Every structure is written in structure tokens, then in C-alpha cells.
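Student: quick one: sequence plus predicted model below, questions after.
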Amino acid sequence: MSISRRSLLKGMAATSAVAATAGCATSPSSLASSEGLATPKKKPNLLIVFPDEMRAHALGFMKQDPSSTPHLNRFAKQSVVLRQAVSNFPLCTPFRGMLMTGQYPYRNGIQGNSHTAMPGKFGGKDFGIELKKQTTTWSDILKDQGYSMGYIGKWHLDTPEAPFVPSYNNPMEGRYWNDWTAPDRRHGFDFWYSYGTYDKHLTPMYWTNETPRDQPIRVNQWSPEHEADIAIKYLRNENGAYRDNDKPFTLVVSMNPPHSPYDQVPQKYLDRLKGQTSKSLNTRPNVQWDKEYLEGYGPEFFKEYMAMVNGVDEQFGRIVDELDRLGLEEETLVVFFSDHGCCLGSHGKPTKNNHYDESMRIPMMFRWPGKLAPRQDDLLFSAPDIYPTLFGLMGMPELIPDTVEGTNFANTLQGLEGDTKPTSQFYTFMPYGGQSYGRRGVRTDRYTLMMDRKIGKPLTVVLHDNQQDPYQMQNIAEQNESLVRQLVEEELMPWLEHTGDPWRPTEVPANTANAYT
């Protein structure tokens, strides 16, 4: 009988835990003086804050975008910063699926956005694209471990059901987007202040534990500010109104901005950019200004995007400052990331869901004073790695299910040896119902390879040298066919096998120019 590497590691972790416990039990310093019993180790709290569509370049300390992020800059100096983290399927629902399950999109079935189509169209519901009730998520496990669990903000993991809730985006573009999440689909979160997906950031809507489906709360306050207010109340927990004070807590704050529409930002943040224009701010050489973009999208909204980033930074700062004021910093792991980036005209792309760095690269920062020494690292970290790494850092590696495809990089974050470093990150895009088609690729410490399969058309191959061409403006695939084949054989194929993905590249054409577009 064969033993999987994960099972072996879990067994070793369990054995180590037993040995460590035995050692502590015989140590005088570990005995409770009053009863002579071992003092149980207190489980850490977990605070996750993640905005939507915030690219890594928007972090001020990255010195890429001319953004103002003083609170995140300060937080980075206190954190382990993973500079090369990516969203492997840079789209809202697929990222959230990877976050919650630790699996890549083919395995977890979340291969596009969760929405429900009007008659004559198709949507995610037609292909079962939502977080299944029976799926075991990290939040389910923490709930079983005795945590108080809170979720605030955007969820976007359920497909709306008829009769549809009245909402500006029900329908929109032929699909229904927003809905209430039933209590039995909340995956362990016992404090709920959330919505499906709703982009009117200045007038957001929410459902709470007590809110009926047909009576959502509508608020006249910018959503990140309102969500920060609720998060602060949750942390303060006056009179035990939000959580059980005797339990460790997990709180997720999922902010929608800087997601479009870009005009949904308070004037005070725009005023901080007075005298600037989108063109004066958005100076990346790969931005295509002359292209015609869908109304409301494109590089001309970069100023508004920068204003929203500044606002998210300010509200994030309020949350972390309150955590610290309450004296919870040393017992709380705080993690900041985003679900994906946004091109804003780079490469002629309006938003996300492509292989470019502006779309794939995301913030990824872990702060835990006394446990994690602040530093920056170029680990090739992927979205499914978040779940197991959280459990590793929180001292629960034995609770990582065998179904998780991501890797626990807790040792690396702690500055320890023992983790096998990946040589690439997987990139994927699957058309609805066409898992054997679409785009697949890898991102190494130097190259980005993307291959696109379409029915009845030749394979499209794109290769960028990110060191020589950091703005990814040149496709060098045609001149580097042997390198393309090497990346396919040594990097892409193992990822496809690991994730159970049926996509396979057709033969890379030799000397066929139309393949390298």
C-alpha cells in the first residue's frame, strides 16, 4: 500500500506534536502551579483583510504605481512580504474558490464567476460554478476547532436563485449576480455581514445574521469605510455582542474597492490627487491609451483607481490600529492580500483574467509580532497555498486535508529550512464548459509562458522574459521554441498532472509564425 507524501508529512507532524506535548508535560515551566496540569496552548486569532482587484504594483513601497499607501507601507515593515505572489486564475470567484478550498479550479469546480443567466444565455450556474455546501473549507475546520468566525463584505461564491433579489446588477449583462447566502452555505462563519457581489461602493447593501433574504440593509457610506467600522466593532466586542470572548476568533474583511466602477469613490480621496490626471499618474510604458475600451473601463480611470487604493489603505489602517490598541497584536496573525490585480490599459486590457503581471501579481503580507521576523521574499507563492500556510503558521498542520493542493510554506515564512520551493506558478483560464480548452501557462522566476487552445484553431504561444522585458511587451516564443518546450515539459505538464487538469497542449508548431501571436 502506497503512502502519499502529504499523508506521510501529516503523520510526521502528528508524531512531532505528540512528542512536543510529552516534552512540555514533563517541563516544570509548563506546569500550572495551581493544579499541576499542563497549561493548554492558546490558539491564535486570525484577521484577514483582502480588497478586490488591487494589484501588487499598487503597494506604495513596491515603487511601481505612484500610489499613496502609508498604512500598508508601515504594515509591510512589520510583516513577511511575498513580492511574487499570484492569483493563478485572476478572476473574483475562482480566486475565492482557491482561497477557501486550497485547490486549483479544475479540482474544486470553481472555473469562472458565480452568476445565473437569463433565458437564452449561460452563466456559472449552468456549470455548477459555486462553493459547494459539502466542501470542507478552512473556515469549516476552524469553526470545528472552537473559533468564533466572522465574515464582512463581498462573498461571491454562490449562484443567485429565483426569485431574484432586487439589485442593480440583477440582471446585468444578461446575468444575475447578487444574492443572500443561506446560513447553511456560510461555511462556519457565525457572524455574517455580507453580500454576494454588488459594486455600488458608495451605497452598499448587506445581509446580517438577522436579515431576511428580502430585506437587505442598504447603507449610505463607502463600503470599505463601513466594513472597517463593523470590523472594529467586532474586534472590540462590547458586551459580547459580536463573538464569544472565551474563544479565539477569525475575522475576514473582504472589501470590494478598488474594483470597478471607478467613480464609486469618496471625493476626499480624489482631492488628495488634486492637479494630477490619469495620464500623469499611469506612466507604465505598456499602457495603450489609443485603444477603444468598454465604457467605464481603461487607463483613463487610473486616477480614480489610485484614489480607491488610498482609501482602502486608510480603512485597513484603521482596522489594524484598533487591533493593536486592544493589545491583540501578539496573539493575532494578520494577513493582507487581494483576489487579483487589474491592467487598467496595460497591454490594452481593461481589467483582469489574463496572464500579465498587472493581472496576476497580488499583495501578500503576513504579520505576527514575535512569531514572524519582518522581511521580503521572492517565493513563488500561489493562491491555493494560503489555506495550508495559514494552518502551518497557526500550529495546525495536521488539520490540512489531503484534498488540499496548495503547499504549506510556514517554514519559509518563519525563516526556517524544510520547504521545497516551487520553480513556477500555474496560470489557468477555462471557458465555461470547455475545461479542455482555454489558456494555461506558468510563471517562473524569469519567464511567463501562456498557451491558448481554441477549437479548430492553431495553438497560440506567448513567452515573456520578465527580467529583460519587465513590462512584458515582447513575445519571444518564436525565437525560443526549445525554451517553450522545456517549460511545457518541466513546468506546465507537472502542474496539469498535479491539479488533475485535462487541458493538454497540442504540438508546439515549428517555424509557424501564426502560433506566436
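Tutor: Looks like it came in fine. Numbering: from 1, shown residues only.
Student: how about the strands of the stretch 251-400 of the chain, start to end?
Tutor: 332-337, 364-367, 375-377 (DSSP state E, counting those that start in this stretch).
Student: please apply the same query to the stretch 1-150 of the chain.
Tutor: Going by DSSP E, counting those that start in this stretch, the stretch 1-150 of the chain shows strands at 45-50, 80-82, 116-117, 148-154.
Student: and the strands of the stretch 251-400 of the chain as JSON lines, adding mean neighbour count and mean pLDDT?
Tutor: C-beta here means a position set from N, CA and C on the backbone, and glycine is covered the same way. Shown next, in JSON lines, are the strands of the stretch 251-400 of the chain (neighbours: other CB atoms under 10 Å; pLDDT from 0 to 100):
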{"stretch": "strand 332-337", "mean neighbour count": "23", "mean pLDDT": "98"}
{"stretch": "strand 364-367", "mean neighbour count": "24", "mean pLDDT": "98"}
{"stretch": "strand 375-377", "mean neighbour count": "14", "mean pLDDT": "97"}
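Student: and the ones you listed as JSON lines, adding distance to residue 179?
Tutor: Putting these into JSON lines (distance: least, CB to CB, whole Å) gives the following:
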{"stretch": "strand 332-337", "distance to residue 179": "25"}
{"stretch": "strand 364-367", "distance to residue 179": "29"}
{"stretch": "strand 375-377", "distance to residue 179": "39"}
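Student: dump the longest helix along the chain to PDB, restricted to CA.
Tutor: Determined from DSSP state H, the single longest helix within the chain is helix 302-325. The C-alpha coordinates for helix 302-325 follow below in PDB (Å, rounded to 0.1, in the frame of the first residue of the first chain):
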ATOM      1  CA  PHE A 302      -6.300  55.300 -13.200                       C
ATOM      2  CA  LYS A 303      -6.700  58.400 -11.000                       C
ATOM      3  CA  GLU A 304      -9.900  57.000  -9.600                       C
ATOM      4  CA  TYR A 305      -8.200  53.600  -9.100                       C
ATOM      5  CA  MET A 306      -5.300  55.300  -7.200                       C
ATOM      6  CA  ALA A 307      -7.900  57.200  -5.000                       C
ATOM      7  CA  MET A 308      -9.600  54.000  -4.100                       C
ATOM      8  CA  VAL A 309      -6.300  52.300  -3.300                       C
ATOM      9  CA  ASN A 310      -5.600  55.200  -0.900                       C
ATOM     10  CA  GLY A 311      -9.000  54.800   0.700                       C
ATOM     11  CA  VAL A 312      -8.600  51.000   1.100                       C
ATOM     12  CA  ASP A 313      -5.200  51.700   2.700                       C
ATOM     13  CA  GLU A 314      -6.700  54.100   5.200                       C
ATOM     14  CA  GLN A 315      -9.500  51.800   6.200                       C
ATOM     15  CA  PHE A 316      -7.100  48.900   6.500                       C
ATOM     16  CA  GLY A 317      -5.000  51.100   8.800                       C
ATOM     17  CA  ARG A 318      -8.000  51.800  11.000                       C
ATOM     18  CA  ILE A 319      -8.700  48.100  11.500                       C
ATOM     19  CA  VAL A 320      -5.100  47.200  12.300                       C
ATOM     20  CA  ASP A 321      -4.600  50.200  14.600                       C
ATOM     21  CA  GLU A 322      -7.700  49.100  16.600                       C
ATOM     22  CA  LEU A 323      -6.400  45.500  16.900                       C
ATOM     23  CA  ASP A 324      -3.100  46.900  18.200                       C
ATOM     24  CA  ARG A 325      -4.800  49.400  20.600                       C
END
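Student: could you point out which of the strands of the stretch 1-150 of the chain sits nearest residue 195?
Tutor: strand 148-154 (6.6 Å; CB to CB).
Student: give me the sheet partners of that closest one and which way each runs.
Tutor: The strands beside strand 148-154 in its sheet (DSSP bridges) come out as strand 191-195 (parallel), strand 249-254 (parallel).
Student: so which of these is the most surrounded?
Tutor: strand 249-254 (a mean of 24; mean count of other CB atoms under 10 Å).
Student: report the angle between that one and strand 332-337.
Tutor: Relative orientation of strand 249-254 and strand 332-337, computed by axes from the mean of the first three to the mean of the last three CA atoms, to 10 degrees: 20 degrees.
Student: show me the contact partners of strand 249-254.
Tutor: 45-50, 52, 139, 142, 147-155, 189, 194, 227-228, 231, 234-235, 243, 319 (CB atoms under 8 Å, 6 or more residues apart in numbering).
Student: walk me through the domains of this protein.
Tutor: 45-413, 425-515 (automatic domain parsing).
Student: which stretch in these has the least confidence?
Tutor: Sorting the domains of the chain by mean pLDDT places domain 425-515 lowest, at a mean of 91.
Student: cross-check the contact I'm expecting between residue 44 and residue 394.
Tutor: Yes. The pair residue 44 and residue 394 qualifies as a contact (CB atoms under 8 Å) at a distance of 5.3 Å.
Student: related to what we said a few turns ago, compare the domains of the chain and give me the one nearest residue 419.
Tutor: Taking these one by one with CB to CB, domain 45-413 is closest: 4.6 Å.
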